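Asker: Could you work out the structure for the sequence below:
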Amino acid sequence: MNLSKTTPSQETNGQNEQNQEVTVTLKLVQIYVTDNKGNPVTDLTKEDFELQDNGKSQEITDFEKHDLLIAHTRATRVQKDLLAPNLMNRKFFFFFDFAFNNVGGVDMAKKAALHFIDTQLTPTDDVAVLSFSTHKGLTIHEYLTGDHAKVREIVKKIGVSEALGRAGRLMEELESERNSGIGGGPARQALLKAAREDFIRIGGKVQWKHEAQAFATGARDMAKAFRYIPGTKHIILFSIGIPDFLIYPRASSIKAELNKVNIASSDSAYLRSRYERMAKELRASNCPVFTVNVEGIYSSFMQREGETFVSEAITKPDQPSSGIAARDRRGVASLRNLADETGGRYFDNMNNYKNIVEEIHNLTSCYYVLGYPIEEKWNGKYHKIKIRVKRPGCKVFGQSGYFNPKLYKNYSDLEKELHLVDLALNDRSHFREPVHFPVITLPFSVGKESKALILAKLNSERTAEILRGGSEIAFIAFNEKKDIVGFRKVKIDHVKRPQNNIFCSADIPLEPGTYDCRVVIRNAANGRGAVASSLINIPTTPEMGLRFYPPLLLIPEKGTVYLDADSVEREEGKGDYSTLWNIYPIDSTQYSPLAGERLMNTARLLVLTHCSVFGISSPWEIKISAHLIHSPTQKRIPLRITSESSSHTNGVISFIELHPNELSPGRYYVYIFAEEMNTGSRSSINTTFVVE
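Answerer: You can find the predicted model right below:
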């Protein structure tokens, strides 16, 4: 949210930190306040808070308080005023760990996440789904969205197929052996001992070490990418945890190695250091982690371990307890410490997952949002925030700082990926508000293949600036379930600002149905983005007959620059067909597409239509007619077809010329009809425009 901006002389493309655009931005801080007993304090006002940014007192200009603990049922929990847009909503990231897990743990995690979605989310919450696996690393299944039904569908389908790491699979095999009908006595103990030894020998320590390194690195990079998402990002991690012996070895295990290794550079110290850096990055990025131990048998295990420890201490006083050894292969300490270091909470008994998700909801339901203006600098530096409540007995938790935005050229690969996802999937960007521009979407067919033509208009100075110096343009199609079903991305070299308009276009093959088509443009140097979106309906292609497709409206305008994805790919040796010029042959020297409905100061309007023929043997004869309806008066105005021509796409292109300056102001509907004279097959289409 920009409050003001400097003069244009200070604006650059973001390449130089010392000479760049400076904006005054509303900084939002999300915090929680409790009393001495840990109960939320919900009746504070703006005047009760004092805030410092890097030691400097700030005036709080914007203020919100949220109390979602209104009732116990979903139907009455949320007040009506909470459905309105807020300065800042709750954000949850369901994080499924497949590397340090087993099939039972993943199943328990899914049950808990689904229960959270069904019973604890409010309509204003944003939710995302992440996972970590040995083979795929960190995966973003769904970015922050308010579409909870979509998130539920993803969580329900998420599985362990090829996802569990070797350690996880070995743990699963060990549990299977442990729970199989082996019987008791010495034979069972010997078999379990052999299984434990095989587990350590085959993969345990070496494989676990690599997986622990990958997990810590992936989560650290994720935290850095989340720095620029405002507010608190609540991460709910479902995991069994990194085995304690890897990063928190017991003294008895270190003693044997004292004369063999440098303890300071040992695997355990190295992994612990990396793990602690990960936790520090998460805390700095305001990502408290609620660690949920999905083993599900923690309480009974601890009781059993205690009994084993006592009995073995009596019978085998000189040997380490097998219970302690088993404990070392569990990740209780790693999960507990991660929660403590990031400001989250550790939960152990997964059998009571309903209580766990309810407690997480309660912990995050009452919060305040404080806003104050700052001068935004693009240097990536950290700001420490200190907030005090004047009322005695109040404790403040939550966001303790933030990072300034940094130059796009300094983004990591993950940050660039998240940036593109953020632009493509959200109506409002969490990184930086993008430029918006109009887009035209038209269905057509080549033979039996249905496609969408996406034509974006980039006529503003701000949009043209994004194209300057090189950019990438992504064309994305989402189905009704909001799955990505079509994607094309091309790189565009430097585009000089034309006298009039810039249009970029691409086609995407799509099955019949309704789609949301989006165009995302991102400058290759500074990351500034522009976004457009439009719905399109792809009709079914008949076995035999005609199919009229929506027309393209053209206005007289010279100097337009066309960036056609097919032409770009053809120049790169990747394609040899240009959809725009073959389906809608625009005279680019004379005409420019009309993006929108309103005509202003236009003497001519050209309606360019495309009609395809299916299953009719040539030669075929198509007659096209058209008329206008003036909406205010319902007056019918016949139209003359200026010209017709057959095309190699097995159809007919027709042109209808209108003169808007001869028409009365108001909305007009254009009705176009086609009939194949030999078979009597017919098709029709309509469009609209407004004369002002």
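Asker: got the domain boundaries for this protein?
Answerer: 2-69+365-410, 91-364, 434-691 (automatic domain parsing).
Asker: so residue 521, which of the three states?
Answerer: Look at residue 521: counting by DSSP: H, G, I helix; E, B strand; the rest coil, its state is strand.
Asker: Let me know whether it touches residue 468 as I believe.
Answerer: No: Residue 521 is beyond contact range of residue 468, at 11.4 Å (criterion: CB atoms under 8 Å). All C-beta atoms are positioned from the backbone trio N, CA, C, and that covers glycine.
Asker: Those two: who's more crowded?
Answerer: More neighbours surround residue 521 than the other of residue 521 and residue 468, with 24 against 16 (other CB atoms under 10 Å).
Asker: And the pLDDT at that one?
Answerer: We have a pLDDT of 86 for residue 521.
Asker: Adjust the sequence numbering to begin at 262 for everything that follows.
Answerer: Right, with 262 as the first residue, what we last looked at is residue 782.
Asker: Distance of it relative to residue 770?
Answerer: 22 Å (CB to CB, to the nearest Å).
Asker: Secondary structure element holding residue 597?
Answerer: Following DSSP states H and E, one finds residue 597 within helix 593-603.
Asker: hmm, who's touching that helix?
Answerer: Contact with helix 593-603 is made by 496, 498, 500, 502-505, 508-509, 536-537, 540-541, 543-544, 548-552, 554, 559, 605-607, 609, as judged by CB atoms under 8 Å, 6 or more residues apart in numbering.
Asker: Next secondary structure element downstream of that helix?
Answerer: strand 606-608.
Asker: List the pairing partners of that next one within its sheet, with orientation.
Answerer: Strand 606-608 sits in its sheet next to strand 550-554 (parallel), going by DSSP bridges.
Asker: what about the partner strand, average pLDDT?
Answerer: Rounded mean pLDDT across strand 550-554 is 96.
Asker: same question, stretch 817-826
Answerer: Rounded mean pLDDT across stretch 817-826 is 79.
Asker: Which positions in it come out as buried?
Answerer: Buried positions in stretch 817-826, judged by neighbour count with 16 or more other CB atoms under 10 Å: 818, 821-826.
Asker: Could you do stretch 398-408 as well?
Answerer: 399-401, 403-406.
Asker: can you check stretch 661-673 too?
Answerer: Per 16+ other CB under 10 Å, stretch 661-673 contains these buried residues: 661-669, 672.
Asker: Confidence-wise, which of the domains of the chain is weakest overall?
Answerer: domain 352-625 (a mean of 74).
Asker: so how far does that domain reach from one end to the other?
Answerer: 10 Å (CA to CA, to the nearest Å).
Asker: can you point me to the longest helix in this protein?
Answerer: helix 466-486 (DSSP state H).
Asker: Could I get the CA-only coordinates of it as PDB?
Answerer: Coordinates of each C-alpha in helix 466-486 appear next as PDB, following Å, rounded to 0.1, in the frame of the first residue of the first chain:
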ATOM      1  CA  LYS A 466      22.800 -42.500  10.200                       C
ATOM      2  CA  VAL A 467      24.300 -41.800   6.800                       C
ATOM      3  CA  GLN A 468      20.900 -41.400   5.100                       C
ATOM      4  CA  TRP A 469      19.400 -39.500   7.900                       C
ATOM      5  CA  LYS A 470      22.300 -37.100   7.900                       C
ATOM      6  CA  HIS A 471      21.800 -36.200   4.200                       C
ATOM      7  CA  GLU A 472      18.000 -35.900   4.700                       C
ATOM      8  CA  ALA A 473      18.500 -33.700   7.800                       C
ATOM      9  CA  GLN A 474      20.900 -31.400   5.800                       C
ATOM     10  CA  ALA A 475      18.400 -31.200   3.000                       C
ATOM     11  CA  PHE A 476      15.500 -30.500   5.300                       C
ATOM     12  CA  ALA A 477      17.300 -27.700   7.200                       C
ATOM     13  CA  THR A 478      18.500 -26.100   4.000                       C
ATOM     14  CA  GLY A 479      15.100 -26.200   2.300                       C
ATOM     15  CA  ALA A 480      13.300 -24.800   5.400                       C
ATOM     16  CA  ARG A 481      16.000 -22.100   5.700                       C
ATOM     17  CA  ASP A 482      15.600 -21.000   2.100                       C
ATOM     18  CA  MET A 483      11.800 -21.100   2.500                       C
ATOM     19  CA  ALA A 484      12.000 -18.800   5.500                       C
ATOM     20  CA  LYS A 485      14.100 -16.300   3.600                       C
ATOM     21  CA  ALA A 486      11.500 -16.300   0.800                       C
END
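Asker: which other helices and strands contact it?
Answerer: strand 387-394, strand 398-406, helix 427-440, helix 505-508, helix 528-545, helix 674-686 (3 or more CB pairs under 8 Å, 6 or more residues apart in numbering; DSSP states H and E).
Asker: surely residue 641 meets residue 663?
Answerer: No: using CB under 8 Å, residue 641 is not in contact with residue 663; the gap is 11.1 Å.
Asker: Distance of residue 947 relative to residue 811?
Answerer: 9 Å.
Asker: same question, residue 287
Answerer: 41 Å.
Asker: which one of those two has more residues nearby?
Answerer: Per other CB under 10 Å, whichever of residue 287 and residue 811 has more neighbours is residue 811, with 20 against 16.
Asker: you'd agree the more buried one is up against residue 949?
Answerer: No: using CB under 8 Å, residue 811 is not in contact with residue 949; the gap is 10.6 Å.
Asker: Would you map the helices across the stretch 262-411 of the chain?
Answerer: Taking DSSP state H, counting those that start in this stretch as the criterion, the stretch 262-411 of the chain carries its helices at 335-338, 364-380, 409-418.
Asker: Please identify the deepest-packed of these.
Answerer: helix 364-380 (a mean of 20; mean count of other CB atoms under 10 Å).
Asker: helices or strands next to that helix in the packing?
Answerer: strand 352-358, helix 409-418, helix 427-440, strand 494-500, helix 614-625.
Asker: give me every residue that touches residue 532.
Answerer: 470, 473-474, 477, 503, 507-508.
Asker: one more time with 10 Å
Answerer: 469-470, 473-474, 477, 503, 507-509, 595 (CB atoms under 10 Å, 6 or more residues apart in numbering).
Asker: Which pair of those spans the longest distance?
Answerer: 474 and 509 (15.8 Å; CB to CB).
Asker: what's the spacing between the nearest residue to residue 476 once chain neighbours are set aside and residue 325?
Answerer: Distances taken as CB to CB, 6 or more residues apart in numbering place residue 393 nearest to residue 476, at 5.7 Å, with adjacent residues excluded. Distance, residue 393 to residue 325, using CB to CB: 34 Å.
Asker: Just want to know which of those two has more residues nearby.
Answerer: residue 393 (25 against 15).
Asker: beta partners of the more buried one?
Answerer: Here residue 393, judged by DSSP bridges, has bridge partners residue 358, residue 399.
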